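Novice: next input, structure requested:
(one chain, ligands or ions: 1)
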Amino acid sequence: MKKDRYENSRQLFLKAATLIPGGVNSPVRAFNSVGGNPVFVKKGKGAYLYDADDNTYIDYVNSWGALLFGHAFFSVVDSIQQQALLGTSYGIPTEAEIELAKLFVDAVPHVEKVRFVNSGTEATMSAIRLARGFTGRSKIIKFIGCYHGHADSFLVAGGSGLSTLGIPDSAGVPQGAVADTLLADFNSLDSVALLFEQFPESIAAVIVEPVAGNMGCVAPSRGFLEGLRKLCSQYQALLIFDEVMTGFRLARGGAQEYFKVEADLVTFGKIVGGGLPVGAFAGKSHVMDQLAPLGPVYQAGTLSGNPLAMSAGIQMLKRINKDEALYRRIQHKTSYLEEGLKSVFEELQIQVCINSVGSMISLFFNSDVVTDYASAQGADAGVFREFFHGMLGQGIYLPPSPFESWFLSDALTQEDLDHTIEATRTVLTGLIKNKITIASALSWTR
Ligand code: KE4
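Specialist: Residues are numbered from 1 along each chain as shown. Now for the predicted structure:
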């Protein structure tokens, strides 16, 4: 009997679900918001993924942004192989940590010291603790729809998987853990100013995704980041740029370079580890030196600065340093894709909002512009679901949620981009013909 296109993945998912909650090790992978079963990948190479049924995909997730140069990038793989022969972990300082720290501090503006950890969550959790320890204050401001990992104090009105699953808060987080987490609206300086007026001497930090990627891609409005800088300086709070997504993606110096706004602390993940578990947080010495063993703010990790992960990160940053044209090239690829998608929607008279910054891009089935979480939520999730599966069938792997940014890798070719644009035309044409599946969609065709 003809095998279903995803049969092996389906079998693997059934098996995984007997051993791993929900069959996945991170909720957003479970396809909950798009329905169906996740595909299981057996190989990645360059811009492509190969799943358990030997289907091939052009990848626009790239390990949620970590793989700026695509899968199995030769120098990263080679360095990991070399290091593995020398040992996988020591729990003792190594020269590699100094080398990556130097590459990091030379690339990222306004930082003097960096501490490596194992995930973006660890980086943001530690940065908040450091801000609280440095200022002696306890409150933090985060933005509705922004996601900073799964540390307790962030699990309020979070984006990414929390929005995908429709659980903006999480069970198991005691009220006390979020009592000091104040919420503001992304792109609304008034909502931030109001909180500072209410708590003029209690706010340790404002943490923001300089480009929101966890409600879909949403750019900061003109003056928003500059306004946050001004308010934090005025009230002696620290401005934390959560650059887990934007770090080394928007520019070599990340969002601070791209928007020319100085943060007091920055948190990194993803690209800095080249696909291995690395997070980092960094700032000026007088703040970072509050960290143990120098200062009173405790933070630790068995595998922090792990030699395998350091070797991968070193290769990523070395490649970024020597590839002068990288960011211009990947920006061009993103603009080409965006223009191509827009022309297809225009041709088919379908309303859509496409947001992009650098090599981050999102598509909202929405008639309005998307500038914050509320407008992102206004997009038609049902049509996104149909679109996602249609594109999957065309060999295009998109993030399985409307509340996620797509991430381009430099491995994408012109042909890949053209195929993506053509696939979009094929899928949307099919959706429009198939009135039963997307009756709601017709409501937004012109
Ligand atoms: P991790 O702990 O997942 O490495 O990083 C947490 C984090 C912190 N800050 C920002 C801005 C982030 O985007 C993330 C994690 N990003 C999600 C993608 N939306 C990771 C995917 C997942 O949860 O599986």
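
Novice: ok, so what distance separates Asp185 from Leu14?
Specialist: Distance from Asp185 to Leu14, counting by Cβ to Cβ, to the nearest Å: 42 Å. (Each C-beta comes from the backbone N, C-alpha and C, glycine too.)

Novice: correction: the previous question concerned Ala263.
Specialist: For Ala263, the distance to Leu14 - Cβ to Cβ - is 45 Å.

Novice: okay, the two: which has more neighbours?
Specialist: Set Ala263 next to Leu14 and count neighbours by other Cβ atoms under 10 Å: Ala263 wins out with 31 against 11.

Novice: show me what contacts the closest residue to the ligand within the chain?
Specialist: Nearest residue of the chain to the ligand, counting by Cβ to the nearest ligand atom: Gly120, 2.3 Å away. Counting by Cβ atoms under 8 Å, 6 or more residues apart in numbering, Gly120 makes contact with His148, Gly149, Asp242, Val244, Thr267, Phe268, Gly269, Lys270, Gly279.

Novice: how many neighbours does the closest residue to it other than its chain neighbours have?
Specialist: Once flanking residues are discounted, Gly120 sits nearest to Gly269: 3.2 Å by Cβ to Cβ, 6 or more residues apart in numbering. Gly269: 28 surrounding residues under other Cβ under 10 Å.

Novice: how about Tyr90?
Specialist: Around Tyr90 there are 11 residues (other Cβ under 10 Å).

Novice: could you find the closest non-adjacent residue to it?
Specialist: Using Cβ to Cβ, 6+ apart, the nearest residue to Tyr90 is Pro307, at 6.7 Å.

Novice: thinking the one you found is in contact with Gly91, fair?
Specialist: No - applying Cβ atoms under 8 Å, one finds Pro307 not in contact with Gly91, separated by 10.4 Å.

Novice: which of the two has more neighbours?
Specialist: Ranked by neighbour count (other Cβ under 10 Å), Pro307 and Gly91 place Pro307 first, with 21 against 10.

Novice: now the more buried one: how far from Ala292?
Specialist: Taking Cβ to Cβ, one finds Pro307 at 22 Å from Ala292.

Novice: any weak-confidence spans in the protein?
Specialist: Applying pLDDT under 70 to the chain picks out residues 1-2, 166-168, 435-446.

Novice: longest single helix anywhere in it?
Specialist: For the chain, the longest helix by residue count, based on DSSP state H, is helix 326-347.

Novice: could you dump it to PDB, C-alpha only?
Specialist: This file holds the C-alpha atoms of helix 326-347, laid out as PDB (Å, rounded to 0.1, in the frame of the first residue of the first chain):
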ATOM      1  CA  LEU A 326      27.500  38.600   4.800                       C
ATOM      2  CA  TYR A 327      24.800  41.000   6.200                       C
ATOM      3  CA  ARG A 328      24.300  42.800   2.900                       C
ATOM      4  CA  ARG A 329      23.900  39.500   1.100                       C
ATOM      5  CA  ILE A 330      21.500  38.000   3.600                       C
ATOM      6  CA  GLN A 331      19.500  41.200   3.800                       C
ATOM      7  CA  HIS A 332      19.200  41.100   0.000                       C
ATOM      8  CA  LYS A 333      17.900  37.500   0.100                       C
ATOM      9  CA  THR A 334      15.300  38.500   2.700                       C
ATOM     10  CA  SER A 335      14.200  41.600   0.700                       C
ATOM     11  CA  TYR A 336      14.000  39.500  -2.500                       C
ATOM     12  CA  LEU A 337      11.800  36.900  -0.700                       C
ATOM     13  CA  GLU A 338       9.600  39.600   0.900                       C
ATOM     14  CA  GLU A 339       9.100  41.400  -2.500                       C
ATOM     15  CA  GLY A 340       8.300  38.000  -4.100                       C
ATOM     16  CA  LEU A 341       5.800  37.100  -1.500                       C
ATOM     17  CA  LYS A 342       4.100  40.500  -1.500                       C
ATOM     18  CA  SER A 343       3.700  40.300  -5.300                       C
ATOM     19  CA  VAL A 344       2.000  36.900  -5.000                       C
ATOM     20  CA  PHE A 345      -0.400  38.100  -2.400                       C
ATOM     21  CA  GLU A 346      -1.100  41.200  -4.500                       C
ATOM     22  CA  GLU A 347      -1.700  39.200  -7.700                       C
END
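
Novice: which parts of it are buried?
Specialist: Leu326, Tyr327, Ile330, Gln331, Lys333, Thr334, Leu337, Gly340, Leu341, Val344, Phe345 (16 or more other Cβ atoms under 10 Å).

Novice: cool, and stretch 93-101?
Specialist: Thr94, Ala96, Glu97, Glu99, Leu100, Ala101.

Novice: any idea how far the residue of the chain closest to the ligand is from Glu243?
Specialist: For Gly120, the distance to Glu243 - Cβ to Cβ - is 9 Å.

Novice: who touches both of the two?
Specialist: In contact with both Gly120 and Glu243: Thr267, Phe268, using Cβ under 8 Å, 6+ apart.

Novice: could you list the domains of this structure?
Specialist: Following automatic domain parsing, one gets these domains for the chain: 7-60+325-433, 74-322.

Novice: which one (most neighbours) among the contacts of Gly120?
Specialist: Neighbour max across these (other Cβ under 10 Å) = Asp242, 33 neighbours.

Novice: would you mind naming what in the stretch 151-300 of the chain lies close to the ligand?
Specialist: Contact residues, the stretch 151-300 of the chain versus the ligand (Cβ under 6 Å from any ligand atom): Ser160, Gly161, Glu209, Gly213, Asn214, Asp242, Val244, Met245, Gly269.

Novice: give me the phi and psi for the fourth one.
Specialist: This points to Gly213. phi -120, psi -10 (degrees, to the nearest 10).

Novice: neighbours around it, how many?
Specialist: Neighbours of Gly213 using other Cβ under 10 Å come to 29.

Novice: nearest residue to the middle of this structure?
Specialist: Among the residues of the chain, Met245 comes closest to the average C-alpha position under Cα atoms, centre = their mean, at 3.9 Å.

Novice: can you give me the strands in the stretch 301-446 of the chain?
Specialist: Assigned by DSSP state E, counting those that start in this stretch, the strands in the stretch 301-446 of the chain fall at 353-357, 360-364, 396-397, 406-407.

Novice: mean neighbour count and distance to the ligand for these - can I get that in JSON lines?
Specialist: Shown next, in JSON lines, are these (neighbours: other Cβ atoms under 10 Å; distance: least, Cβ to the nearest ligand atom, whole Å):
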{"stretch": "strand 353-357", "mean neighbour count": "21", "distance to the ligand": "13"}
{"stretch": "strand 360-364", "mean neighbour count": "24", "distance to the ligand": "10"}
{"stretch": "strand 396-397", "mean neighbour count": "21", "distance to the ligand": "14"}
{"stretch": "strand 406-407", "mean neighbour count": "26", "distance to the ligand": "9"}
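
Novice: of all these, which one is nearest Trp64?
Specialist: strand 406-407 (7.0 Å; Cβ to Cβ).

Novice: contact partners of that closest one?
Specialist: 60-62, 64-65, 67, 217, 245, 249, 359-363, 398-399.
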